[in-house]
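Chemist: structural data only, the sequence is not supplied:
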């Protein structure tokens, strides 16, 4: 799948899964052999674990919205810098609802194969921001973007 196709898969994932909260589209877009090596402790790194965690997160903030701030695609990899906004109105991973408005930034590195997401690595945007602020950091020395620096090959 070319760059434009990988971009489209990830945009669709953000709009229909993260914002539209469609579990059916999650299943369609994530490969059965999907792996998330950045899964939190206690959460399986497979497709089912990813689905349980994501929808638990989304259900804890029913008004949630993800916005793609930046997207970089190279080959089958797509990196997004996203902003999440929502109100924490439900329990999530043992944390009771607070009613607080929440804004979080994420950097996601996804690998798309045959039109489906095969790999997802999630992290705080602070890594991305630190690379911009500190030009001598490993992220800058190893390549021009986060996807190259992490080297998911």
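Modeler: Cool, the structure landed. These numbers were taken from a predicted model, which means no experiment stands behind them.

Chemist: might one say that residue 52 is in contact with residue 40?
Modeler: No: if you go by CB atoms under 8 Å, residue 52 and residue 40 don't touch, sitting 11.0 Å apart. C-betas here are computed from N, CA, C, even on glycine.

Chemist: now residue 66, nearest residue through space, not along the chain?
Modeler: Of all residues not flanking residue 66 in the chain, residue 18 sits nearest, at 4.4 Å (CB to CB, 6 or more residues apart in numbering).

Chemist: can you count the residues close to that neighbour?
Modeler: When counting by other CB atoms under 10 Å, one arrives at 21 neighbours for residue 18.

Chemist: list the contacts of it.
Modeler: Residue 18 makes contact with 54, 58, 64, 66, according to CB atoms under 8 Å, 6 or more residues apart in numbering.

Chemist: can you tell me which of the residues you listed is nearest residue 92?
Modeler: residue 58 (9.5 Å; CB to CB).

Chemist: longest single helix anywhere in the protein?
Modeler: helix 47-60 (DSSP state H).

Chemist: gap between the longest strand along the chain and the chain center?
Modeler: In the chain, taking DSSP state E as the definition, the longest strand is strand 101-113. Centre-to-centre, strand 101-113 and its host chain are 3 Å apart (CA atoms, centre = their mean, to the nearest Å).

Chemist: any idea of the mean pLDDT for it?
Modeler: Mean pLDDT, computed over strand 101-113, is 93.

Chemist: strands paired with whatever helix or strand comes next after that strand, and their directions?
Modeler: Proceeding N to C from strand 101-113, the next assigned helix or strand is strand 116-124, under DSSP states H and E. Using DSSP bridges, the strands paired with strand 116-124 are strand 30-35 (parallel), strand 101-113 (antiparallel).

Chemist: chain center to strand 116-124: distance?
Modeler: 6 Å.

Chemist: so for that strand, what gets flagged as buried?
Modeler: When burial is assessed from 16 or more other CB atoms under 10 Å, strand 116-124 yields the following buried residues: 116, 117, 118, 119, 120, 121, 122.

Chemist: kindly report the same for stretch 76-93.
Modeler: Buried-residue list, stretch 76-93, by 16+ other CB under 10 Å: 76-82, 84, 86-89, 92.

Chemist: could you identify the most distant pair in these?
Modeler: Farthest pair in the buried residues of stretch 76-93, by CB to CB: 76 and 89, 36.9 Å.

Chemist: who's in contact with the spatially most central residue of the chain?
Modeler: With distances taken as CA atoms, centre = their mean, residue 108 lies nearest the centre of the chain, 3.9 Å away. By CB under 8 Å, 6+ apart, the contact set of residue 108 is 79, 80, 82, 120, 121, 122, 123.
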